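In: sequence and computational prediction follow.
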Amino acid sequence: MRPANDAQDVEACVDEHGHTWRLPLKFLPFVFKHLRATWVRTGSTVISMALCVFMFCTLQSAVARLNRAVETRSPKRLMVKNAVSPMIVLPLSYAEQIRRVPGVVRVAALGLFGGLLPARKEDVGDESGPNWTNAFNNVAIDAEPYFAMNPELVIAPDQFRGFMEDLRGCVIGRSLAKRYGWNIGDRVFLESIAPLYRKPSGPF
């Protein structure tokens, strides 16, 4: 028999609290041999763990993004939408009924615009379809009450006046403008997500 403290069998390590731990290194070759012998199970285990880590990180990122969206919104605002689908707009006559509800101060209409950047540039006669890889959210709003109800959306007074005076105007965020290299005064061509409403000769 060999002594238990043989350097070939065990390795001692000391943790930050001064405790000594002995690691039976003689079993490591057997562990590696077993892993190589059952490579299908080993590979599936590694892939499963990697997939779990990926899904966890992805879901946490999505939850964090949703939490940021909720934290930047006021709890005093409520959204009323069609019970069937957000794509089905409510009649504008409902606005007056909502205004009569006790506690309601303002009402602003908002609808999905449904525009996509096409694969072609404006005034170029390319018949390519919309570019779904560059999709971003765009909505049509009742501007004055909507901005009054969303004070976190800050816009320069002169730019807001220009937006209100131009029926084709739009307001975009800094990150979106930086992404596409847009500047104030640029013209952006959008196509409808519905093929029935697309016009090869002009916007939307």
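Out: Cool, the structure landed.
In: flag the shaky bits of the chain, pLDDT-wise.
Out: Applying pLDDT under 70 to the chain picks out residues 1-25, 119-131, 199-204.
In: got the residue ranges for the helices in it?
Out: When assigned using DSSP state H, the helices of the chain occupy the ranges 28-37, 39-71, 94-99, 143-149, 157-165, 174-180.
In: between those, which one is nearest to residue 110?
Out: Between residue 110 and those, the shortest gap by CB to CB is with helix 143-149, which sits at 6.7 Å. From N, CA and C alone the C-beta is placed, and that goes for glycine too.
In: how distant is the closest one from the center of its chain?
Out: Distance of helix 143-149 from the chain centroid (CA atoms, centre = their mean, to the nearest Å) equals 24 Å.
In: list of residues touching it?
Out: 77, 106, 107, 108, 110, 153, 155, 160, 163, 164 (CB atoms under 8 Å, 6 or more residues apart in numbering).
In: hang on, the earlier thing: out of the helices of the chain, indicate the one that is most buried.
Out: Highest mean neighbour count of those: helix 143-149, a mean of 15 (counted as mean count of other CB atoms under 10 Å).
In: ok, back up a step: separate out the buried members of the contacts of helix 143-149.
Out: Listed as buried from these are 107, 108, 160; burial here means 16 or more other CB atoms under 10 Å.
In: got the contact list for the second one?
Out: Counting by CB under 8 Å, 6+ apart, residue 108 makes contact with 141, 142, 145, 146, 148, 149.
In: which one of the residues you listed is nearest to residue 198?
Out: residue 141 (23.2 Å).
In: wait, that closest one sits on residue 110?
Out: Yes - because the distance of 5.1 Å satisfies CB atoms under 8 Å, residue 141 is recorded as touching residue 110.
In: just to revisit the earlier point, need the helices of the chain in CSV with distance to residue 118, can you?
Out: Output for those, formatted as CSV (distance: least, CB to CB, whole Å):
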stretch, distance to residue 118
helix 28-37, 53
helix 39-71, 27
helix 94-99, 33
helix 143-149, 25
helix 157-165, 23
helix 174-180, 13
